[in-house]
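Student: next come a sequence and a model predicted from it.
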There are 2 protein chains.
Amino acid sequence: MARLKVAFLGPLGSFSHQAAAESFCNLPADLQPEVSFPDAFAALQKKEVDYAVIPCENSTNGSVMQTLDLLADRNGLYKDVKVCGEYYLTVHHCLMVRKGTYPGGWADYDGSITKLYTHSQAWGQCESFLTKYFKGVERQDVTSTSKAADIVSKETTERGAAIANRFAAEQHGTDILVENIEDRADNTTRFLIFRNVRDERTAQAELGLPNPPTVEGEPALEATHKTLITFTIDHSSPGALANALLIFKAHGLNLTSINTRPSLKKSWQYIFFVECGWTPSDLNKEAVHKALDDLRQVTETCKDLGTWKDQLRSSNA
Amino acid sequence: MARLKVAFLGPLGSFSHQAAAESFCNLPADLQPEVSFPDAFAALQKKEVDYAVIPCENSTNGSVMQTLDLLADRNGLYKDVKVCGEYYLTVHHCLMVRKGTYPGGWADYDGSITKLYTHSQAWGQCESFLTKYFKGVERQDVTSTSKAADIVSKETTERGAAIANRFAAEQHGTDILVENIEDRADNTTRFLIFRNVRDERTAQAELGLPNPPTVEGEPALEATHKTLITFTIDHSSPGALANALLIFKAHGLNLTSINTRPSLKKSWQYIFFVECGWTPSDLNKEAVHKALDDLRQVTETCKDLGTWKDQLRSSNA
């Protein structure tokens, strides 16, 4: 098989890069950084890449609005881009410095760091650690955690440290002083994996995601599937939203999450993103298809954004 | 009646300040700036203020996550704070300069402005105007549009201009050069008005919101009401979310919007915020009460966040 091209949001060493590398670790893949989410989607629509790995939700911060807006595709730019998988990345932050600064590691640390670098969102995620060891030390916001690692890797005059992931340390050759300095051990980002449905090359491909851990002694649950459907309704029609949501239940599709974004066609009207879970069987092979047929009767617009294997259910099994 | 105290998110001259001033223009009210949304809610819970005016949604950018997180009240800090009204503020931006800089106004403008100040979100909202008249002029982000007006009002050396609202111009005594420089004429922010339900002083008070414009020749529609309810469900129980949403329909409450935030108790479990519309009649006086009773049977937690008059429906009438 020819090597796959997988797009992610750069720079190199970002959490998106890590998610792309880990989710495609079992396949021959070249990872390609993109400067924005729309660039990644555009590359996929034009079949310049085979897949795109995009963050959609964080367990603490909630949904990524920018990704929902991309999925809304209000201008019809990404008609053939659909979800084909998901990947859960646990967010671990490390404190890192230029190679060789403290040969004895954290045990050897003498309090000489005078400046800290990271992305603005990361400070709050490591507040307990920073308050304990770096109270009063200057903090410099940078555009990404990977950029922070890059800066300290090249530092010559100041004593700086970066907060970034282990992956960024490998990319930029920094020394990790302390691992897992985040406050919440369970801070996880869910990435969606997209493909172009008109791309024959990836039509039959198995994503080959790393095997989720199984609990000894317990049989693995049958993998459950997820489907994402987006629709708009006529808000002036009473009950329209309830009727649309009822259709999922009628076809045995279990609503697991609902998100909304402004339609931007009329104020206070929304695009709904409904995710539902179901376990395939001979009886419900057509469930999504039938639900979509019914939805078209009660919605203004309606689009199937893809079906994929639920990695969370698998890893809980 | 003693003067009311109304909290809003400062500084003076912010869009929140404008919304508070306009929504309480018919009542004797002192407006009190707060440094954060939680401060405004805390003041209301402690009955230090009578009302708080908080932005909840923008017609272009969608829901304000920070406000949803406040409403989620995960730590039970604001038990008595509920919605009692809403106010729609159309976002108009103006270009303003220090008083007297261009006595002849925009007609007199000679291209001498060298620096522009505003909040980071405002640049994108005025891009067409800025591209036409200020291509290549230096842009400086500041913490609020009001702060931008404040800076240029005191400018002595540079030729700066601020992008802020008319209200900020009045607050800081700047001259408006051009009004309504925003790209989208319909960019509107919805504010919710909160009170403490244990405060007897505001229990019977009518908010006295400014009369919405009525269209000549058309009879005004009977005012419709909105109710906001928040709940969490057991996500491991199939159909739990659909069942909860069905209850609204069963009681004649029309779902108008749904928002979700992470529960922060367990990853990938959510707090749902459901807004529904209904027109009070003798028959449905108990509809919200009954719906809540039913919801308690199928949800883990469930809270009524208040009922108020739908200002949008009124103004469309």
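Tutor: All right, it came through fine.
Student: backbone dihedrals for A:C94, both of them.
Tutor: A:C94 adopts backbone torsions of phi -130, psi 150, taken as degrees, to the nearest 10.
Student: surely A:G277 touches A:N254?
Tutor: Yes: using C-beta atoms under 8 Å, A:G277 is in contact with A:N254, at 4.8 Å. (C-beta placed from N, C-alpha, C; glycine too.)
Student: up against chain B, what does chain A have?
Tutor: Chain A comes close to chain B at residues A:58-63, A:65, A:186, A:188, A:190, A:235, A:238-239, A:241-243, A:245-246, A:248-249, A:254-262, A:264, A:267-268, A:270, A:272, A:277, A:312, as judged by C-beta under 8 Å from any C-beta of the partner chain.
Student: now with 7 Å?
Tutor: A:59-60, A:62, A:65, A:186, A:188, A:235, A:238-239, A:241-242, A:245-246, A:248-249, A:254-262, A:264, A:267-268, A:270, A:312 (C-beta under 7 Å from any C-beta of the partner chain).
Student: quick one: buried ones out of those?
Tutor: A:59-60, A:62, A:188, A:235, A:238-239, A:241-242, A:245-246, A:248-249, A:254-262, A:264, A:267, A:270, A:312 (16 or more other C-beta atoms under 10 Å in any protein chain shown).
Student: pull up the per-residue confidence for the nearest residue to A:I151 once chain neighbours are set aside.
Tutor: Leaving aside its chain neighbours, A:I151 sits nearest to A:Y117 (5.4 Å; criterion: C-beta to C-beta, 6 or more residues apart in numbering or on different chains). The model reports A:Y117 with a pLDDT of 96.
Student: on the three-state scheme, A:Y117 is what?
Tutor: At A:Y117, secondary structure determined by DSSP: H, G, I helix; E, B strand; the rest coil is strand.
Student: list the contacts for it?
Tutor: Residues counted as contacts of A:Y117 (C-beta atoms under 7 Å, 6 or more residues apart in numbering or on different chains) are A:140, A:142, A:148, A:151-152, A:160, A:162.
Student: restricted to strands, list these.
Tutor: A:140, A:142, A:160, A:162 (DSSP state E).
Student: most neighbours of all the residues you listed, which one?
Tutor: Neighbour tally across those (other C-beta atoms under 10 Å in any protein chain shown): the maximum, 31 neighbours, falls on A:A162.
Student: among the ones in strands among the contacts of A:Y117, which two are most distant?
Tutor: Largest separation among those by C-beta to C-beta: A:V142 and A:G160, giving 10.8 Å.
Student: find the residues that touch each one of the two.
Tutor: By C-beta under 7 Å, 6+ apart, the residues touching both A:V142 and A:G160 are A:117, A:151.
Student: what residue ranges in the stretch 151-300 of chain A score low on pLDDT?
Tutor: The stretch 151-300 of chain A contains residues with pLDDT under 70 at A:211-223.
Student: excluding its backbone neighbours, what's nearest the most far-flung residue of chain A relative to its centre?
Tutor: In terms of distance from the mean C-alpha position of chain A, A:D110 ranks first, at 37.4 Å (C-alpha atoms, centre = their mean). Closest residue to A:D110 apart from its sequence neighbours, by C-beta to C-beta, 6+ apart: A:Y102 at 7.9 Å.
Student: residue contacts, whatever residue of the stretch 51-200 of chain A ends up closest to chain B?
Tutor: Chain B sits closest to A:S59 of the stretch 51-200 of chain A, with a gap of 3.9 Å, by C-beta to the nearest C-beta. With contact set as C-beta under 7 Å, 6+ apart, A:S59 has these partners: A:186-188, B:262, B:267-268.
Student: give me the phi and psi for the spatially closest residue to it that is not a sequence neighbour.
Tutor: Once flanking residues are discounted, A:S59 sits nearest to B:S267: 3.9 Å by C-beta to C-beta, 6+ apart. Main-chain torsions, B:S267, degrees, to the nearest 10: phi -60, psi 140.
Student: cool, and A:L27?
Tutor: phi -130, psi 150.
Student: now it: how far from B:T224?
Tutor: Plainly put, A:L27 is 55 Å away from B:T224 if you go by C-beta to C-beta, to the nearest Å.
Student: repeat for A:F129
Tutor: A:F129 is 51 Å from B:T224, where distance means C-beta to C-beta.
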